[in-house]
Every structure is written in C-alpha cells, then in structure tokens.
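Enquirer: Please work out how this folds:
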Amino acid sequence: MARTVKGPFLPVLLACALLAGCPAQYRRQADDVAYRIVKDEQKGALGKSEAFTIEPPSETLRRRLLEAQGLPYSGPASLGSDKLDRIKHWPEKEVSPTTAGDGEAGVTVPADAPLTLTLTDALQVAARNNRDYQTRKEDVFRAALALDLERNEFRYLFFSTPEATYSDDRGQDQRAVRGLVGSPDAKVTQKLKTGAEYSFQLAFDLAKLLTQNDASSLGMLADASISIPLLKGAGEHIVTEPLTQAQRDVVYALYSLERFRRTLAVRVASEYLGVLQQLDQVVNAEENYHSLSDGAKRARRLADAGRLPEVQVDQARQDELRARNRWISAQQAYAGRLDSFKTTLGLPTDANIKLDPSALEKLAEAAKRATAAETGYQPASQPASEPADQPASQPASGPADQPASQPASGPADQPTSQPASGPASQPASAPANQPAGGNGGSVLAEGPGGTKSPDQTSPGPLELQPDAAIRVALSERLDLRTAQGEVYDAQRQVVVAADALKAGLTLKGSGSTGASRGVGSADQPNAELLPQWGSYSASLLLDLPLERTAERNAYRNSFVALERAVRSVQDLEDQIKLEIRNALRALLEAREAASIQAQAVTLAQRRVESTKLFLQAGRAEIRDVLDAQEALVSAQDALSAALVDYRVSELELQRDMDVLEIDEKGLWREYQPPKDTAGK
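Expert: The predicted structure is shown next:
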C-alpha cells in the first residue's frame, strides 16, 4: 500500500511569505498598465492626451450633500464604495481606492442655505458624479486591460511549479520504503507573431530515501519544443488578429467616451436652461396672478361704484383663480424638472439646490437691448428669480445679440448665445416689401403668399450652409469613425475565416536530455545534462481540408457581417445628415421665433397698459384686459422658450457635428466656424 502526500515545497512557502499583501500591488500594476495604454491611445485616436482615472475622489459632492444637509440614505454604499465595511477575508486594507481631493473644485456646500450651481459648476459636477459617464470610463479601462492581456500572449512567459512529495510504500513483506522528493522547475514559453511557439523547461529532482541506506540522487531534465505553422494559421496578419482587434477596441471605447462627454455636456446645458426656463414661467405665472388679482379688486371697486356689470367682475375673478392654478402648476413643474436635473448630475434629488439664473438673464438682457433698439419701447422687467424670492417680471423680450459660439474656457465665460436678432417692427408707413431695420434676422414682408418666408439674410454664427455643416460632421463624428473602422474589422474577419479553410501543415520539433529521479531511483547516480545523450524528434503534421463545415459556414457568415457593417455606415451617415439638417432648421426656427416673440411681448405689454387705461375711462370691458394679460404671459413664456431653444440648438448642432471640445473636467470650448461657411 502506498501513501503519497503532496504539498508546497520550501521555495513556494518562501515566495508566498514574500508576496504577502500582493493583491494591492497587483491592482496598482494593472492600473499603471491600463492608464499607460489609455494615454498612448488617446494621442493616436484623439490627437491629445489628458488625465484619466476611474477612481472616485475622496470627497464627492453627493456625499457632502448627504452629510451636510442631513439627507436620509439607505446605507454606506450611498456614500461611496470607500465607506463600505470590510468583509471577512478582504484582501486589502482599503475597501476601494480613491483619488485625493475633491472632485468639484470650488463647489462648497453652505451650512444653512441651498447650494447654488452655475452652469460651469453643473458641467463639472456631471463629469464627476454622472453614473453613465463613469461607466463609459470604466469601459475604456477594461478595454485597455484586455489589450494588455492580448499583448501578454507574445511576451516571454515564465512559470515555476515546485513540488515536494513524501512517499511511504509498504510492500507485501511489510518493509517500509520511505522517501522524500523535491522537484523545483522553471519553464519559459513564447509565441511569436509569425505563429511559431517554443518552450524550454528545466527541472530538478532531489530524491532521498529515509529508510535502508539513506541513498539520495539528483535528477536534471531539460526539455525544449517548437511548433511552426506553415499553411493554416501562419502569417502575422492571422496570428495577431486578436491583438489588432483589442487595440482597435480601445480606440472605439475612447471614441465612445469622447462622444458621450459631448452629449452629456449638451444634455446638462439643455436641462440647466430648461430648468431656468421653467423658473421663468413660474415668475411669469406669479406676476400674472398678482396682476389679475389686482384687476379683480379694481373690477370689484368699479362694480361697487356702478361703473361695471357684475358679470365682468365674475369674469375677472374666474381668470384670477385660473391664474393661481397656473402659478401652482408651474411651481410644481419647476420642482419636478429641477429634481430630474439633479438625477442627471448624479446628485440626490432631495438635495437643497438651486440654479444660478444668470445664463437666462443674459439672454433676456440681450433681448431687451435688441427690442429697445428696434422698437424704441423699453418694457419694465426684472430677471427671473427663485419662486421664494420677491416676484420678478418676465425675461425681457427679444433675441440675444451676443453669440456664445466664440471659443471660451468654459460655459461660465460665455454662457449665452444668441439667435441672430431680427427686426422687431417697422414703421406703419414703410413699404410692404421693405425689410425692417435692426441687425438682421427674420424679414417679415409682403410676398406673393402674403408674407416673405424666413431666410438666411442675417444668420447666427452657427447657422452654416447645410453642405458645409454636413462635411464637417462627416469628417469629425467619432461614432462614424467607429462604424467605418468596424467595416475594416469585418474585412479582416473575412481574411481570417478564409485562412481557416486552408490545409494545416505544422512543423514540430522537440528535444530533451537528462533524467528525472524519484524514490525508486534514489540510489542511482546523479543525472547529467549531456546533449549527446539526448532524445530529439521532428515531425510534420498535415491537416487535410476534408471536413470544413464549421469553417465554411463561418466564412460565409463573415461576408454577411461585412454587409451589415457597410449598411451600418450608410445608415449612420444618413442619420448624421438628417440630424445636421434638422439642427439647422431648428436654429432658423428658433431665431425667427425669438424675433416674433420679442415683437409679441412688446405689443402685449403695450396692449395691457392701454386696455387698463381704456377700462378706467370706460372705453373697454374687463374681458379686454383679461385677454391682453393672457396674451402677455403667453408671449413671455414663448419668448423665454425661443431663447432657450436657440441656445440649445446651437449646442446640439455642435454636438451633432462633433466639434464641441470637452475637457476632462467637463468644461467646453465652442466651435468657431469659418466665416465663409455661414448661411447666406
């Protein structure tokens, strides 16, 4: 009966002792490799290299809001992975690594006041807290690690598996033969890009009997082998295909991340301005309610004096109630839209946050100046404020007169954009076909159909000629580059699939010298490495292409995949053209709408003032005042929406053209189009 016990040999025990705590070291090594790959691929794919990390900051804005504002949360995971408790057998001292410092520099949480975020702050917060953005960064990181793994296939690989064996063999004569065999070894392998693979192994055996004469012997064995494909599987383009694809996957992941950053920046800006637009509607609704409330009181006094029928008092009261309902609905819509925006930023929806209305105020102030210059009428208004503040008036009318398409260090430098301002009005005596004055924009003139269609007489800075904008988009769109690259990938797969149909012819060679030792040969002399006493062999292995059903089908499917990739490029190209044309149409529509609503607000304010005077003089009914007030609040909301629509359309056009540059902090630098590409 034989009993064999295998266990770690002394070198293994020493190695494990020396490598205690190595998981953290391995993680750091993986980080170094992945970040180096990302940095190198950034230069080639994007023409720039910037800071990249997937580690969260040690202090996030989300965590600070939860703690500083005393918000409820479900557990440690709500604060971040570094706040988790270490479970049993956790391999490192830290639960999760973090980067030093705060991810949102300059954003401080007040102790007893809401946190006010500018558009610049919002972009930086989204870059650090948006969960989808973090996932895209991790996709890049994982693609880099996959590339490193493919590169590892062509490196020198060293293996060592020392073994110690204790044997206790008792034969029929009940005599025990005990022995100990130590077998350290070392093996080196490498795969070449030509397809050749070779390995070399050197093993030692130290066999010692623990009974009888305590004999011992040293065994040495050297072994080498090589395999060279000559037909199927030969050639660098076949052998390195997985490596090539892994490298391209990193590039695609970088393209996807960069594209997502631009999309996220536009989304944040769009939602930010959308929240401010909703806030402006709250202000308009509140002012409308107060105005109608005052009107109802005046109607009551006039009715008491016998100057107004009772039915008109009821009409005024009904409109007052409707205005109050609109005000309350606007407040709730604003709160819901603000909460949704917090989710986009990756912040708690119950955090006490408000937005800085300066971005919308600058649009409104520029619109006021444009309207005053064109009409000579200056409406009395104030910038929008939070609902809890003193009620403020609507944003001033008119399209903004300063484009934000100029390059800037961030949204805070140039947060506003302008719809190219158009004429607000013209003298009644002006000819019907004469364009109104001003600095350009829509031309409302008589034509064959009664009015002249909107045109590109004075376009905004980003209202490019469609062909020029499409050409820029087709050359800059990163997702289109990815789709075109996937066509090349599919072509390579056709080549690889065709190679699998070939006959296989492999040249193999091996050689070994020396001898191993065990308990049964412990009394033999020590082995020696003598090449002249070695064993050598060479062979040719032929794999005839008699059965290639799977390979045949794979080859045919590779052509199907190629056609799909080509169709994907065609579909994406058409979608890009559609997006660009729609974006340019949206710019034109928003510019015209801003010009029209500027006139509408001016006329509505004038109408409200005049009908109030007529009502006091007994020359108008209360319904005239109510209708004028309703027209005013509708025009105010429409103007605010048009100004926001134009600004968002500018950003969306830059996003669709892939010319909006976003840095790692989330700040943008806007596109400056050549002058000769503007619409005419």
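
Enquirer: Which of the three states applies to R86?
Expert: coil (DSSP: H, G, I helix; E, B strand; the rest coil).

Enquirer: again, but for W90
Expert: Once three-state DSSP is applied, W90 turns out coil.

Enquirer: roughly how far apart are it and S96?
Expert: Going from W90 to S96 by CB to CB, to the nearest Å gives 11 Å. C-beta: built from backbone N, CA, C; applies to glycine.

Enquirer: swap in A635?
Expert: According to CB to CB, A635 and S96 sit 54 Å apart.

Enquirer: which one of the two has more residues nearby?
Expert: Comparing A635 with S96 by other CB atoms under 10 Å, the one with more neighbours is A635, at 24 against 12.

Enquirer: so what's the more buried one up against?
Expert: A635 is in contact with S397, Q597, A600, V601, L603, A604, counting by CB atoms under 8 Å, 6 or more residues apart in numbering.

Enquirer: neighbours around the last one, how many?
Expert: Yep, that's A604 we're talking about. Neighbours of A604 (other CB under 10 Å): 23.

Enquirer: If you drop the residues flanking it in sequence, what lies closest to it?
Expert: Of all residues not flanking A604 in the chain, L632 sits nearest, at 3.9 Å (CB to CB, 6 or more residues apart in numbering).

Enquirer: in stretch 549-569, what counts as buried?
Expert: By 16 or more other CB atoms under 10 Å, the buried positions in stretch 549-569 come out as E551, A554, Y555, S558, A561, L562, A565, V566, S568, V569.

Enquirer: Walk me through the domains of the chain.
Expert: 1-102, 157-191+196-232+503-544, 246-482+568-677 (automatic domain parsing).

Enquirer: want to try CSV for these, with mean pLDDT and distance to T135 as columns?
Expert: Listed next are these as CSV, based on pLDDT from 0 to 100; distance: least, CB to CB, whole Å:
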stretch, mean pLDDT, distance to T135
domain 1-102, 78, 10
domain 157-191+196-232+503-544, 86, 33
domain 246-482+568-677, 76, 9
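
Enquirer: chain center to the longest helix seen in the chain: distance?
Expert: Ordering each helix of the chain by length in residues (DSSP state H) puts helix 549-616 first. The chain centre lies 21 Å from the centre of helix 549-616; the measure is CA atoms, centre = their mean, to the nearest Å.

Enquirer: Can you name the next helix or strand after that helix?
Expert: Counting by DSSP states H and E, the element after helix 549-616 in chain order, helix or strand, is helix 622-657.

Enquirer: shouldn't S199 be in contact with V188?
Expert: Yes. The criterion here is CB atoms under 8 Å, and S199 meets it with V188 at 6.8 Å.

Enquirer: Tell me the one of the contacts of A635 nearest G306?
Expert: G306 has its nearest neighbour among the contacts of A635 in A604, at 30.6 Å by CB to CB.

Enquirer: can you pull the contacts of that closest one?
Expert: Taking CB under 8 Å, 6+ apart as the test, what A604 contacts is A628, A631, L632, S634, A635, Q636.

Enquirer: how much space between the last one and V496?
Expert: So that's Q636. Between Q636 and V496 the computed distance is 64 Å (CB to CB).

Enquirer: and the two? which has more neighbours close in?
Expert: Q636 (29 against 17).

Enquirer: Could you pull out the helices in the protein for me?
Expert: With DSSP H as the criterion, the chain has helices at 10-18, 22-46, 61-68, 119-129, 131-152, 236-239, 241-304, 310-345, 358-375, 466-476, 478-499, 549-616, 622-657.

Enquirer: could you give the angle of the last one to helix 466-476?
Expert: Looking back up the chat, that one is helix 622-657. Calculated by axes from the mean of the first three to the mean of the last three CA atoms, to 10 degrees, helix 622-657 forms an angle of 50 degrees with helix 466-476.
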